[in-house]
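Peer 1: generate coordinates for the sequence data below:
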Amino acid sequence: MKKIVAAMLMTAGLVACSSTKGPADETRGWPIERLYGEARDELNSGNYTRAVQLYETLEARFPYGRYAQQAQMDLAYAHYKDKESQMALAACDRFIKLHPAHANLDYIYYLKGLIHFNEDESLLTRWTGQDLSERDPRAGREAFQAFGELIKRFPDSQYADDARKKMIVLVDALAANEMHVARYYMKRKAYLAAANRAQAAIREFSNTPYVEEALALMATAYTELDLKPLADDSRRVLAQNYPNSRYLKTPWVYQDMPWYQFWR
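Peer 2: Got it, this is the predicted structure:
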């Protein structure tokens, strides 16, 4: 009886071991072409975690050559699709460091920009209608920098046009974020901080629609601070650049609205 139980336990152990084999075990002896092909098939099928495992196995087993380089690029994309943003960014940075003259480096910069661009997408964002201007601007700035590097280094890249379009969206969102913060400071009666943020919006994003409101907000903030010369200067610049501005008739005032629907 004891021998039968021991045999059953041994069999169960062998079955358990075989069922927990990872890619390194089950792909032992595969040529690089098959390993890459399987990884690519998993990626195209949306099995991103499995694809990551196979790409990592390929690179560990075959660290040099075109398959390894392609696996490194695909690995970054697989992490991105698997919503592992930090892993994807690390893979992009590693590729840039290892292959600074690679023919597909423009794709990596574009992918890096995309990762940052979509990094803060969440259920909260989708359900409340919150837009880019109300989120932490760090990811937006990183995306802008990555897209900018792509356009500067590879102006004729197939990804350049889309990168330019996204940069326009990002500039507008970053300017809106500065104004979002400036409005918040005005609500809290932190007038100097509000004026500084509005001034930053003008300085950094002078080609956006938010300059008009920024100037009007500065005029109000400086008036509250009893800094008449600065308030007059703000109104003068507003009048010169926006002669039909409604703020010339009615000074800027804070309007309390739902947190996800600030007027812009």
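Peer 1: my read: residue 48 touches residue 81, true?
Peer 2: Yes: with contact defined as C-beta atoms under 8 Å, residue 48 reaches residue 81; the gap is 4.9 Å. Using the backbone N, CA and C atoms, a C-beta is placed for each residue, glycine as well.
Peer 1: show me where the chain dips below the pLDDT cut-off.
Peer 2: Scanning the chain for pLDDT under 70 picks out 1-24, 120-136, 256-264.
Peer 1: state which helix of it is the longest.
Peer 2: Determined from DSSP state H, the single longest helix within the chain is helix 160-187.
Peer 1: report the buried residues of that helix.
Peer 2: Using 16 or more other C-beta atoms under 10 Å as the test for burial, helix 160-187 gives 160, 163, 166-167, 170-186.
Peer 1: run a quick neighbour tally on residue 148.
Peer 2: 16 (other C-beta atoms under 10 Å).
Peer 1: neighbour-wise, which of residue 48 and residue 81 wins?
Peer 2: The neighbour count for residue 48 versus residue 81, taken as other C-beta under 10 Å, is higher for residue 48 (18 against 14).
Peer 1: and the more buried one, what does it touch?
Peer 2: 42, 78-79, 81-82 (C-beta atoms under 8 Å, 6 or more residues apart in numbering).
Peer 1: just the buried ones from these?
Peer 2: For those, buried by 16+ other C-beta under 10 Å: 42, 78-79, 82.
Peer 1: helices of the stretch 1-150 of the chain, start to end?
Peer 2: 2-19, 23-26, 32-44, 48-61, 66-81, 85-98, 105-117, 123-128, 137-153 (DSSP state H, counting those that start in this stretch).
Peer 1: for these, which one sits closest to residue 220?
Peer 2: Taking C-beta to C-beta, helix 137-153 is the member of the helices of the stretch 1-150 of the chain nearest to residue 220, at 23.5 Å.
Peer 1: for that closest one, the distance to its chain's centre please.
Peer 2: Centroid displacement of helix 137-153 relative to its chain, using C-alpha atoms, centre = their mean, to the nearest Å, is 9 Å.
Peer 1: residues in contact with that helix?
Peer 2: 105-106, 109-110, 112-117, 119-120, 132, 157, 159-160, 163-164, 166-167, 170-171, 173-174, 177.
Peer 1: relative to helix 160-187, how tilted is the host helix or strand of residue 217?
Peer 2: Per DSSP states H and E: residue 217 is located in helix 211-224. Interaxial angle, helix 211-224 versus helix 160-187 (axes from the mean of the first three to the mean of the last three C-alpha atoms, to 10 degrees): 20 degrees.
Peer 1: and the contacts of helix 211-224?
Peer 2: 178-179, 182-183, 186, 189, 191-192, 194-195, 198-199, 201-202, 205, 228, 230-231, 234-235, 237-238, 241-242, 245, 247, 251-253.
Peer 1: let's go with 7 Å and repeat that
Peer 2: With contact meaning C-beta atoms under 7 Å, 6 or more residues apart in numbering, helix 211-224 is reached by 179, 182, 186, 191, 194-195, 198-199, 201-202, 230-231, 234-235, 237-238, 242, 245, 247, 251-252.
Peer 1: now, those that are in helices?
Peer 2: Using DSSP H, the contacts of helix 211-224 in helices are 179, 182, 186, 191, 194-195, 198-199, 201-202, 230-231, 234-235, 237-238.
Peer 1: pull the most distant pair out of the buried ones among the contacts of residue 48.
Peer 2: 42 and 79 (13.4 Å).
Peer 1: output the buried ones among the contacts of residue 48 in a markdown table; the columns should cover distance to residue 223.
Peer 2: Output for these, formatted as a markdown table (distance: C-beta to C-beta, whole Å):
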| residue | distance to residue 223 |
| --- | --- |
| 42 | 63 |
| 78 | 55 |
| 79 | 51 |
| 82 | 52 |
